[in-house]
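Novice: Next come a sequence and a model predicted from it.
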Amino acid sequence: MGVNMIFSLDKAGGICIFVISIFSVVLIMEGRKISVVAMGAGNRMVTYGAYASLHPEEMVIVAVVEPNLLRRESFAREYGIPQERCFTGWQEFLAQDRMADAVFICTPDNMHYEPAMLALRRGYHIFLEKPIAQSWQECLDIAALARKMGKVVGVGHVLRYHPYFKKMKEVLEEGCLGKLISVNHVEAIGIERMTHAFVRGLWRREEETNPLILSKACHDLDLLVWLTGKLCRQVASFGSLKWFKADNAPQGSTLRCTDGCVVERQCPYSALDLYFRRKRWLRHFDLPQGADMEEVIMQELKTGPYGRCVYRCDNTVVDHQVVSMLMEEDITVNLSLDAFTRDSGRKTHFMCSEGEMSGDEKTLTVRYFHPGREACRYDFSSNAGECNYHGGADLNIVGDFIAALREGDGRHLRTGIESCLESHRVAFEIEKIRLTDR
């Protein structure tokens, strides 16, 4: 009714159009609370769910889907979800009548496509954790069905909302640096994250999840496409699993770091040192209420995936990779994925016709070629790291998605699926080129 009324008034002209439009938006923004279902109650959903706690007038979580009992119960307690709205699997949940406006799909990579397709058919809007799916065709399928059903699909590319990268985009669009010529971008994964997630952890096997270029670097590819504003015309890529394999296991090492390994104390990849002594990267360790943390950690290291020797895991993803991209307007982009670094983080250097811009996620420096024009330096050190929701980006992306649903218009959603397809297309092409050596 609101749309028809605005249209008919538009033909007549006059100030009434403005009054009715503003009144409609105010009603939507002030009175519409978006109900969502949490599909997956791991680290990402816990982070996104915080938006509901901070903005209960905008978003309410009404159900949870999680096979892990501890996580499911903990999430349900946090958001007051009744037992009948707690589900162990997505098939069970999606067999029910629609019970909310949207589903946040934060399941493992190989459980994105089927739940997303069925949720769209059930009439849900979707917030879909990146990457979109495991093949280019699956990505296209989800986007096509969203268009057909008239539903909003937002993708979890949170870095587009980070103050640091937003400033990069702003500087490039201002045009003060002239024409963009080339970009060098380094994603330092860091040795701790690499061994935790991609050697021992959930993303170690590309056959089950995705290749590294997608599971880890889809953020980087998305940023490079978004920041340049260009499509990619050609790619080249080299990389392999060079180090974390049995051939490189030191003499005296064992299947697990807890099995009396004689080199454990000197090993830079020791699970005992990382998890037990330094208590790092424990986000995937489930801690039952009242349990002793050290006992839980030690039991995991003795029986679970995180206690295995890094040279004797079943990992298949590459541990180093370089990519060259030729974008529209002959812009060249180099991307390097570096696992063997002490620290983690991103470093980017934009080279333009009238200046350059470089940064390391903490500071951003803009320098001009014109004599007498002073450089600009921006400090983002207070926004660095994940402990503050990626500089607020984790909350801002949820807020943008919720606003799109409250306003009934997903066209201005910064990370709508249509705007995220190109980086995924590039990722799949990069991996094909790397594997075929062409």
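Specialist: Yep, that arrived.
Novice: Can you mark which positions in stretch 35-47 are buried?
Specialist: Within stretch 35-47, the residues scored as buried using 16 or more other C-beta atoms under 10 Å are 36, 37, 38, 39, 40, 41, 42, 44, 45, 46, 47. All C-beta spots, glycine's among them, are computed from the backbone N, C-alpha and C.
Novice: Now, those residues that are in helices?
Specialist: 44, 45, 46, 47 (DSSP state H).
Novice: Make CSV out of the residues you listed and add pLDDT and distance to residue 406.
Specialist: CSV is the format used below for those (pLDDT from 0 to 100; distance: C-beta to C-beta, whole Å):
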residue, pLDDT, distance to residue 406
44, 93, 22
45, 96, 21
46, 95, 23
47, 95, 21
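Novice: Show me which of the residues you listed is closest to residue 432.
Specialist: residue 44 (27.7 Å; C-beta to C-beta).
Novice: show me where pLDDT drops low in the stretch 151-300 of the chain?
Specialist: Counting by pLDDT under 70, not a single residue of the stretch 151-300 of the chain qualifies.
Novice: ok, residues contacting the longest helix seen in the chain?
Specialist: The residue-count maximum for a helix in the chain (DSSP H) belongs to helix 417-436. Defining contact as C-beta atoms under 8 Å, 6 or more residues apart in numbering, one finds that helix 417-436 is touched by 128, 130-133, 135-136, 139-140, 142-143, 146, 153-155, 157, 211, 213-214, 217-218, 221-222, 224-226, 231-232, 235-239, 318, 321, 323, 325.
Novice: Give me the buried positions along that helix.
Specialist: Buried residues in helix 417-436 (16+ other C-beta under 10 Å): 417, 419-431, 433-434.
Novice: Stretch 193-211 too?
Specialist: 193-204, 206, 209-211.
Novice: Now intersect the residues you listed with the helices, please.
Specialist: Short answer: these in helices (DSSP H) are residue 193.
Novice: closest to residue 58 among the buried residues of stretch 193-211?
Specialist: Once C-beta to C-beta is applied, the member of these that ends up nearest residue 58 is residue 202, at 30.9 Å.
Novice: what about the residue nearest to that closest one when sequence neighbours are not counted, neighbour count?
Specialist: Closest residue to residue 202 apart from its sequence neighbours, by C-beta to C-beta, 6 or more residues apart in numbering: residue 108 at 6.4 Å. Residue 108 has 14 neighbouring residues, counting by other C-beta atoms under 10 Å.
Novice: Quick check, residue 108 in contact with residue 215.
Specialist: No: the criterion here is C-beta atoms under 8 Å, and residue 108 misses it with residue 215 at 10.1 Å.
Novice: which neighbours do those two share?
Specialist: residue 209.
Novice: domains for the protein, by residue range?
Specialist: By the assignment in automatic domain parsing, the chain contains the domains 32-151, 160-244+315-385+417-436, 247-310.
Novice: Minimum distance to residue 405: which of those domains has it?
Specialist: domain 32-151 (5.0 Å).
Novice: Can you get me the start-to-end distance on the closest one?
Specialist: 17 Å (C-alpha to C-alpha, to the nearest Å).
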